[in-house]
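[1] what's the 3D shape of this:
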Amino acid sequence: MYIKTKTYNLTVSEFRRLISADYFKRMKWFFIILIIFLLFNVFLVFFYNEAFWQILIPLLILVYLTAIPWMVSSKGQSKLNFMSRYCEIDEDFFTVFYEDGSIVKLKFDHFIKAIKRSEYYFFYITNNQFHYLPLAALETEQDIHRLDLFLKGKQLIKLW
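    Numbers count the residues shown, from 1 in each chain. Model (predicted):
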């Protein structure tokens, strides 16, 4: 199997959107529990005249956790994240070629998981570090299908 992608680029706004979407999907249950706790505290304050700080503290925590993705600055990111690039994927390696001549070559054994969304793949190296590959960068539907089968065979995408 050999797949070569088209050249693609990640913009700062796309980067922030991806980081935010990933963050909120991972924190979904924590937010649900925090909102339930906040609603319970609102109930206590208004119906049992409890202290107002019971609303204020969970609300401040919720606002802080919601603002975290927007506090992530693109200035601290490597310039490589925003350069044009293309990828070559074979049975052993995931290779990224950047426009400045830099090459990143990773064995598929280094990836801990891969996630496919409707518009892109995330190839995770750690729980918080990933390589981004948009589906639009793949040449054909057959390439997408072959990559899916390959990732399932490597057990990077879960079968269930």
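[2] which neighbours does the host helix or strand of Thr95 have in its sheet, and in what orientation?
    Applying DSSP states H and E as the criterion places Thr95 in strand 93-98. The strands beside strand 93-98 in its sheet (DSSP bridges) come out as strand 85-90 (antiparallel), strand 103-107 (antiparallel).
[3] got those as a markdown table, with mean pLDDT columns?
    Output for these, formatted as a markdown table (pLDDT from 0 to 100):
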| stretch | mean pLDDT |
| --- | --- |
| strand 85-90 | 92 |
| strand 103-107 | 91 |
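[4] Contacts only, for the residue nearest in space to the middle of the chain.
    When CA atoms, centre = their mean is applied to the chain, the residue found nearest the centroid is Asp22 (4.0 Å). Each residue near Asp22 by CB atoms under 8 Å, 6 or more residues apart in numbering is listed here: Phe122. In this view, the C-beta of every residue, glycine as well, is placed from N, C-alpha and C.
[5] so which strand or helix has it?
    helix 12-26.
[6] Could you point out the helix or strand that follows that helix?
    helix 28-48.
[7] what does that next one rub up against?
    Outside helix 28-48, the residues touching it (CB under 8 Å, 6+ apart) are Phe24, Glu50, Ala51, Phe52, Gln54, Ile55, Pro58, Leu59, Ile61, Leu62, Leu65, Thr66.
[8] now it: mean pLDDT?
    Mean per-residue pLDDT for helix 28-48: 86.
[9] And for stretch 57-75?
    According to the model, stretch 57-75 has a mean pLDDT of 77.
[10] what comes up buried for it?
    Pro58, Pro69 (16 or more other CB atoms under 10 Å).
[11] Extract the C-alpha set from that stretch and format it as PDB.
    Extracted in PDB, the C-alpha atoms of stretch 57-75 (Å, rounded to 0.1, in the frame of the first residue of the first chain):
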ATOM      1  CA  ILE A  57     -17.600  29.000  42.200                       C
ATOM      2  CA  PRO A  58     -19.000  26.400  39.700                       C
ATOM      3  CA  LEU A  59     -19.800  29.100  37.300                       C
ATOM      4  CA  LEU A  60     -16.300  30.500  37.300                       C
ATOM      5  CA  ILE A  61     -14.900  27.000  36.900                       C
ATOM      6  CA  LEU A  62     -17.200  26.400  33.900                       C
ATOM      7  CA  VAL A  63     -16.200  29.700  32.300                       C
ATOM      8  CA  TYR A  64     -12.500  29.000  32.800                       C
ATOM      9  CA  LEU A  65     -12.700  25.500  31.300                       C
ATOM     10  CA  THR A  66     -14.700  26.800  28.400                       C
ATOM     11  CA  ALA A  67     -12.100  29.500  27.700                       C
ATOM     12  CA  ILE A  68      -9.100  27.100  27.700                       C
ATOM     13  CA  PRO A  69      -9.200  26.400  23.900                       C
ATOM     14  CA  TRP A  70      -9.200  30.100  23.100                       C
ATOM     15  CA  MET A  71      -6.400  30.700  25.500                       C
ATOM     16  CA  VAL A  72      -4.200  28.400  23.500                       C
ATOM     17  CA  SER A  73      -2.000  30.700  21.500                       C
ATOM     18  CA  SER A  74      -0.900  29.900  18.000                       C
ATOM     19  CA  LYS A  75       2.200  31.900  18.600                       C
END
